[in-house]
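Participant: here is a sequence with its predicted model. Questions after.
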Amino acid sequence: MKVVLESAAYRIAFASSLAFALATLVTGTAVYYAAHVAFARQLDASIEQASVGIVAELHDEGVAGVVRAVREREAHGPHAVAYAVFDPQGNKVAGALDTPMPPLGWHQISFVDPVEGPDPARAKTVLLPDGYRMVVAADLEPIEQIDATILAIFGVAFVALLLVTLAGAVVLGAYLRRRLRRIEATAGAIADGNLTERVAIGPRGDEFDRVAASLNAMLDRISGLVGNLRQVTSDLAHDLRTPLMKLRHHLEAMQARAEGEAMPGMIEDAVERADEVLRLFDAILRISELEEGSLRGHFGPVDLGALVEDLWESHRPLAEDAGRPFEVSVGPGHLVVGDRELIAQALINLIENALRHTPEGTPILLGVRRLDGRVMAYVADRGPGIPADARQRVLERFVRLESSRSSPGHGLGLSLVAAVAHAHGATLRLADNEPGLDVAIVFPEVAP
Amino acid sequence: MRILVAEDDEETAGFVQRGLGEIGHNVVVAATGEDALHLGLTETFDLIVLDRMLPGFDGLTVLKRLRAADVTTPALMLTALGRIEDRVAGLDTGADDYLVKPFAFSELAARVRAVSRRTAPREAETRFAAGPIEMDLLSREVRRDGRPITLQPKEFRLLEELMRHAGEFVTRTMLLERVWDFHFDPQTKIVETHISRLRSKLNEGGLEDPIETVRGVGYRIRKT
C-alpha cells in the first residue's frame, strides 16, 4: 500500500479513475432526477386531467353531479387515480380515497390502501361550490418503483465501472512504474559510477522513449565530458611525469659520475623530491583509474582474513619501531570479491595513517569482522580521532586537517582508500572509537 | 648481451641505451612497433625491452606476434602509466617481467640481469649457501656458521630472495613483488624494516653484516 501511495504513477491513475467515477455519479444523479421529475409531472398531468374532467360536470348538475361522476368513474374507470368529496364539515360524502380532508392545492398526502395499508400519494384538492372539496389522488408507488429500478441499475453499473476503472488504474500505474523504473535503474547505475549504462529505448517512439532518448543523449554528453576530464587529468599527470622522469634520469646519471664527491647527498635529496612528486602523480592516476569503474571485470575472490593477517604480520615490526602496540583480530572464512592488491593498498594506507596520526604508545587494532551479513576490514586506534564534522572532509582529495599538517603525506591517502572502496562497491565508514578513530571498509554482501 | 629496446621516446631510449651500454650490453633501438617486430623476427637478441605504448603495433601486439613466430627471447615490458588494469590483466601475453615507468635505471639493470638469467633453465633449488649463511627451503632452516637462526615467515622469504640472487642486487620493488606479491609501492618502510630485523638476527653477537645496501639500488647478499 505504501508503494502505491508513494507512486506518482499510481496516484495519477487512481485520481483519473476517481474523477471518472465522480463524473459518472453526477451523470447518474442527473438522469435519476430528470426521470423522477418527468414521471412526477406525468402523474400530476393525469391527476389534473381527472380533476378537470369531473369539475366539468359541475356546470350542469352542481355538487350532486360531481358526486355522481366520481362514483361512475370509480365503478368503471381504471384505478390510476382515486377520488374523495368532502362536505364543508370535512365529512367524506363520496369517493373511495381513504384520507382525512387535505388543504386546498397540490399536496403529498397519506391514504389508507385497502390492500397495502397507509401509502403516500400525490393529491390535488379543489374547492367546489358551497364549501365542498374534491380530492383527486394518485398513488406514488409506480414512481417509487421506477426510481428504485433506476437506482438499482445505476448502482450495479457504477460498482462495475468502479471496479473496471480501478483495475485499469492498477494496470496503468504498474505500466507507468515499469517504464519509469527502467529510467530510474539506469540513472542509479550512472550515479554509482557506471557511466556506460544506457536506457533501453522501445520501438514505439512514445514520450517515454523520447525521454529515454534524450536522457541517453545527455548521458553521452556527460560521459564525453567526464572522459575529457579524465583524459586531461591523465594526460597532465602523464605529461608532467615524463619530464620529471627524465630529470630523475639525469640526476641518476650525475650521481653515477659524482661518486666520491660531496655531491651525491644533494643529488640523492633531489632524486627523493622528484620521487615524491612522482608518487603524488601515481596516486592521482590510480584514483582516476579506480573512479572509471572499469576494473570490476578483473575482480576475483579474496580471502580478506588471510590478507589482514598477512598485513598485520608485515606491519608489526613497523608498529613496534614506532612504539605502538599493534593487535589483530581475525576469524576464518571472510571472502570478498575484489582485487587483493588494491584492498592491501587501502588497508596499508589506513595502518600508515593510524601510525602517523596518533601519539606514541597508542594501541592500534587491525581486524576483519562480519556485521549484518557484510564483511568489513577495519583499523581502529585509541588516538585523538577525527571530530565528527571533519570526517567527511578528510575523504576529499588533498585535504589535510590542521592537526596533521606537520606530518608527512600528500593528503591523498584516504581519498585513495575511498576510491578503492568505491571500486569494490564497498563503503568507507569513519566512526568514533571512543576514544580514537575506527575506519572500516564495509564490503557488500556476497551471494553464497 | 645483445638487447633490443623498443621505445618511441627518443630521450628515454637514449638513456636506456647509454645506461645499458655502460654496463657492457649491446643495445639496438627500435622506435616503432613495426621496426621492433621486424628486428625481433629477423635478428637474434638475448633480451627484448618493450614499451607497452608504441606507434604502429603496441608492445603487447609485438610480443604476441613474436611469440606466435616461436621467438622465445625473454621480454621485459615497460608500462607507461603503471595502470592497475595492466597489472590485473596479468603477464599472460608472454612477458617475463614488467617494469612501471618511471623507473630508476638501477631497477632496469637489476631486472635485465634477472630476466636474462631466467633463460638458463635451472633445477628447482632447495638449498642455498652464501658465505657463512646456509638455507634449506624444505626443512625451513637457516644457519650462520652452523648456528641455527629462527626467522619470521616474511624474513625467511626475504632471505630466500637474497640467497637466490647471491652476489647480485635485488631491488626494493622486486622484493615487494616477490615476497609480498605487491605490484605497487605501499609507500611504507616494510622492506627496510624487515631487512633490518633480518640483519639483526643474522648478525647477533656483533658478527659482520653479509647484506649490503646501496641506496637507490637495492640489497645484495655476499656470495662468499
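Facilitator: Yes, it's here.

Participant: which SSE is residue B:49 in?
Facilitator: In this assignment (DSSP states H and E), residue B:49 forms part of strand B:47-51.

Participant: and that strand, which strands flank it?
Facilitator: strand B:2-6 (parallel), strand B:75-79 (parallel) (DSSP bridges).

Participant: strands of the chain, residue ranges please.
Facilitator: Picking chain A for this. For chain A, the strands defined by DSSP state E occupy A:81-86, A:92-94, A:105-113, A:117-127, A:133-139, A:300-303, A:326-329, A:335-338, A:364-371, A:374-381, A:427-432, A:437-442.

Participant: other chain: chain B
Facilitator: B:2-6, B:26-30, B:47-51, B:75-79, B:97-100, B:127-130, B:133-136, B:141-144, B:147-149, B:211-214, B:218-221.

Participant: name the nearest residue to the closest residue to chain A within chain B, ignoring sequence neighbours.
Facilitator: Closest residue of chain B to chain A, C-beta to the nearest C-beta: residue B:102 (3.2 Å). (C-beta placed from N, C-alpha, C; glycine too.) In this structure, residue B:102 finds its nearest non-sequential neighbour in residue A:245, 3.2 Å apart by C-beta to C-beta, 6 or more residues apart in numbering or on different chains.

Participant: number of residues surrounding that neighbour?
Facilitator: By the measure other C-beta atoms under 10 Å in any protein chain shown, the count of residues near residue A:245 is 21.

Participant: pretty sure it sits against residue A:278.
Facilitator: Yes - counting by C-beta atoms under 8 Å, residue A:278 is a contact partner of residue A:245 at 7.1 Å.

Participant: for the strands of chain B, give me TSV that also has mean pLDDT and mean neighbour count.
Facilitator: Shown next, in TSV, are those (pLDDT from 0 to 100; neighbours: other C-beta atoms under 10 Å in any protein chain shown):
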stretch	mean pLDDT	mean neighbour count
strand B:2-6	93	22
strand B:26-30	92	18
strand B:47-51	91	26
strand B:75-79	85	23
strand B:97-100	82	20
strand B:127-130	89	16
strand B:133-136	92	19
strand B:141-144	93	18
strand B:147-149	93	13
strand B:211-214	89	14
strand B:218-221	91	22
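
Participant: so can I have JSON lines of the ones you listed showing distance to residue A:394?
Facilitator: Shown next, in JSON lines, are the strands of chain B (distance: least, C-beta to C-beta, whole Å):
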{"stretch": "strand B:2-6", "distance to residue A:394": "44"}
{"stretch": "strand B:26-30", "distance to residue A:394": "47"}
{"stretch": "strand B:47-51", "distance to residue A:394": "38"}
{"stretch": "strand B:75-79", "distance to residue A:394": "31"}
{"stretch": "strand B:97-100", "distance to residue A:394": "28"}
{"stretch": "strand B:127-130", "distance to residue A:394": "47"}
{"stretch": "strand B:133-136", "distance to residue A:394": "45"}
{"stretch": "strand B:141-144", "distance to residue A:394": "44"}
{"stretch": "strand B:147-149", "distance to residue A:394": "44"}
{"stretch": "strand B:211-214", "distance to residue A:394": "36"}
{"stretch": "strand B:218-221", "distance to residue A:394": "35"}
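
Participant: among those, which is nearest residue A:135?
Facilitator: Residue A:135 sits nearest to strand B:75-79 of all these, at 114.4 Å, using C-beta to C-beta.

Participant: contact partners of that closest one?
Facilitator: B:7, B:47-52, B:59-60, B:63, B:66, B:86, B:91, B:93-101, B:103, B:108, B:111-112, B:115 (C-beta atoms under 8 Å, 6 or more residues apart in numbering or on different chains).

Participant: one more time with 6 Å
Facilitator: For strand B:75-79, contacts defined as C-beta atoms under 6 Å, 6 or more residues apart in numbering or on different chains pick out B:48-52, B:63, B:86, B:95-101, B:111, B:115.
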